[in-house]
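[1] generate coordinates for the sequence data below:
(chains A and B)
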Amino acid sequence: MKSKIVNKKYRYIEHLSDIGLEFFGNTIEELFKNAGEGMFSIICDLKKVRSLNKRRVRISQQSGSFEDLLISWLEKLLYWHEVDNIVFGRFEVKSIYKNNGDMELSAEVSGEKIDPDRHVIKTAVKAPTYHMLEIKKDEKHCNWRGRIIFDV
Amino acid sequence: MYEDYNIKKINDYKWEIQKDDRYGMRVPGIIFADRELLDHAVGEKTIDQVVNVSTLPGILKASYAMPDIHYGYGFPIGGVAAFGEDEGVISPGGVGFDISCGVRVMRSDLYLSDIEKRLEDIMGILSFNIPKGLGTKGKISLSREQLKKLLKEGVNWAIKNGYGLEEDKYCIEENGCMEGANPDFISNHAIDRGMNQVGTLGSGNHFLEIQVVDEIYDSEAAKLFGLEKGQITVMIHSGSRGLGHQICSDYIKVMQQSALKYGIKLADRQLACAPLSSPEGRRYYSAMACAVNYAMTNRHCLSHWLRKSFERFFGKSSEKLGLSVIYDVSHNIAKMEEHNIDGRMMKVCVHRKGATRSYPPGHKDICKKYKDIGQPVLIPGDMGRYSFILLGTEKAMSESFGSTCHGAGRLMSRTKAKKKIQGSELKKELFDKKGIIVMAGSMSGLAEEAPQAYKDVTRVVDITHSAGISKKAIRLRPLGVLKG
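    As a prediction, the model looks like this:
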């Protein structure tokens, strides 16, 4: 099946109290990459974030769905962001394996320490939520889309 | 989601969403609102969330919404729900990510005339001394073991270590230490996030505000608070920071599994829960209590930096400046409390997500000082209008599980607010038109918190006053606002 190439990475969606994100990808890996980038675009203007600090990410889960894996992926990035005072601007999701109920994500992210004089800080993200959370494969166009609400 | 509800008017300020089996409602929904705010809640689909909560097992009496209700995730913000000890559940989503987010008000012997010409200088000192905003570490750095002690001891830890005063703790819910806190039930990630954030304001809607007493509705209460018109107060709005966010995230994951394990059908995955009596439910309660102790200690340490800043600026001790805590409340919390259910006193778990406890005069759980007037209820408004001190009432006990509103409630989404309002223009406008000095780390964050993005808090508290679930005591007007 010929896939319809998705050019848009993500867009914000209206939510009265918090911030929602719709994100897209030609592959599941690209979908997760764009969700990570979308989340950090809420926090900071990513244009000024340099790739000075690289991290490898490996997340595995024994049961659950792509949605659960997405929450774990975003939570891991938020944890580093807060504890090590880092903003990430580059996201590379190398692989997402699914074998029966088991799943594993392997990725590399890079960014730098927050510098209030150089970075344009926007909104702090407290956590990704399960409310309206969805990951779908569009079988017709053979691409992926997701939706998530962040508590900010 | 739901096309039709049967909404019955009980009186001008109280509406009932009648129990409807089509939606799996176990109890009705009760909304405290006037007609316009009700229509807004219906239009924004917030009442879908009130209905979703009413489907949870063991819910008692009703799923309640306060007049500042607005659309959240899972539970609505401004929602109250109580669950029986035996058949009921506990839900981390019913507390929220910012566990024990709350408000503290401090009084002083200062008057408007003492500070109005020097306000900018005081705000400058506060901005320098109060750790705030994204990526800022606090002045207190703790080892894992020290943090675990704090989580068990709450503000007692702070007092022992020289932050804040002993007498202040009696004016904090739970006397500054929630029982049952057990750090063994929280993750290393939560500990890591909490180690450097004690005594930090955070960002988003959190703030520290210098205010002036603008109106007194209850002179007995004002006398007890040591306040008269023109006197200066300080309001602090902050919570349990990253530690609380992580505890909530961790347990929402746990409870996704618990819901399956105990056969609980969820209308929204963010409502994930476990029976109160289950190991998962008990562990969450103990973990949540750690975050409550952290949040109260956080506000206690912020008060300490405030005292130090005022001492330096005015060249007087904080005792001479009369700086003391009026009260400290948590508005994102679940607590075991005793309530009257069909004529029998029962232990129930009251979830307040964006709602404040509102205990009446004479209640055993409020401090001696306020026994005759009822518990002070602290309501932050927006940065351009007012904030209020209300008092708890007997009617709240029978009408809303001893609960009332927590703030103004959002009217406009953050994305819309940022499109419509420029942070720098707002800052200028507040100063030019109202003389309010705003210091904020992020201009886009400031735009999200613009007064236009919120309902009128006066209207919200008037509804709680008319509905009888809290009564007006003091109105406070902002002078200087510090935001992350």
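
[2] gap between the spatially most central residue of chain A and B:Asp34?
    Centrality entry for chain A: nearest residue to the mean C-alpha point is A:Gly36, 2.0 Å, by Cα atoms, centre = their mean. With the distance defined as Cβ to Cβ, to the nearest Å, A:Gly36 ends up 43 Å from B:Asp34. Yep, even glycine has a C-beta here, placed from its N, CA and C like the rest.

[3] wait, is the residue nearest to the centre of chain A part of a helix?
    Yes. Counting by DSSP: H, G, I helix; E, B strand; the rest coil, A:Gly36 is part of a helix.

[4] measure it to A:Gly25 for me?
    11 Å.

[5] check contacts around the residue of the stretch 251-400 of chain B found nearest chain A.
    Using Cβ to the nearest Cβ, the closest approach of the stretch 251-400 of chain B to chain A is made by B:Arg269 at 3.7 Å. Contacts for B:Arg269 (Cβ atoms under 8 Å, 6 or more residues apart in numbering or on different chains) come out as A:Tyr130, A:His131, A:Leu133, B:Gly74, B:Gln256.

[6] now with 6 Å?
    A:Tyr130 (Cβ atoms under 6 Å, 6 or more residues apart in numbering or on different chains).

[7] likewise the one 5 residues further on?
    B:Ala274 makes contact with B:Met255, B:Ser258, B:Glu280, B:Gly281 under the criterion Cβ under 6 Å, 6+ apart.

[8] residues in contact with the second one?
    Contacts for B:Ser258 were tallied using Cβ under 6 Å, 6+ apart; they are B:Ala274, B:Glu280.

[9] how far away from the center of its chain is stretch B:138-155?
    22 Å (Cα atoms, centre = their mean, to the nearest Å).

[10] now swap in stretch B:27-41 and tell me
    What separates the centre of stretch B:27-41 from the centre of its chain is 21 Å, taken as Cα atoms, centre = their mean.

[11] quick one: contacts of that stretch?
    B:13-19, B:47, B:50-51, B:54, B:59, B:62-67, B:69, B:463, B:467.

[12] let me see the contact set for residue 150.
    With no chain named, the answer covers chain A. A:Asp18, A:Ile19, A:Val125, A:Pro128.

[13] looking at chain B here, not the other one
    Applying Cβ under 6 Å, 6+ apart, we find B:Leu150 in contact with B:Trp157, B:Thr297.

[14] next: A:Leu52.
    Shown in contact with A:Leu52 (Cβ under 6 Å, 6+ apart): A:Glu112.

[15] swap the cut-off to 8 Å and go again
    By Cβ under 8 Å, 6+ apart, the contact list for A:Leu52 reads A:Ser110, A:Gly111, A:Glu112, A:Lys113.

[16] for B:Tyr294, same thing?
    Contacts of B:Tyr294 by Cβ under 8 Å, 6+ apart are B:Ser100, B:Leu150, B:Leu151, B:Gly194, B:Val198, B:Ser240, B:Arg241, B:Leu243, B:Gly244.

[17] repeat the analysis, applying 10 Å as the threshold.
    By Cβ atoms under 10 Å, 6 or more residues apart in numbering or on different chains, B:Tyr294 lies in contact with B:99-100, B:147, B:150-151, B:154, B:157, B:181, B:186, B:190, B:194, B:197-198, B:239-244, B:247.

[18] so for it, what's the pLDDT?
    With respect to pLDDT, B:Tyr294 scores 98.

[19] that one sits in which helix or strand?
    helix B:279-314 (DSSP states H and E).

[20] tell me if I'm right that A:Ile121 and B:Gly441 touch.
    Yes. Counting by Cβ atoms under 10 Å, B:Gly441 is a contact partner of A:Ile121 at 6.7 Å.

[21] chain A: strands as residue ranges?
    Here chain A has its strands, by DSSP state E, at A:10-13, A:19-25, A:53-61, A:86-99, A:102-113, A:127-128, A:134-138, A:143-151.

[22] single out the most deeply packed of those strands.
    strand A:127-128 (a mean of 24; mean count of other Cβ atoms under 10 Å in any protein chain shown).
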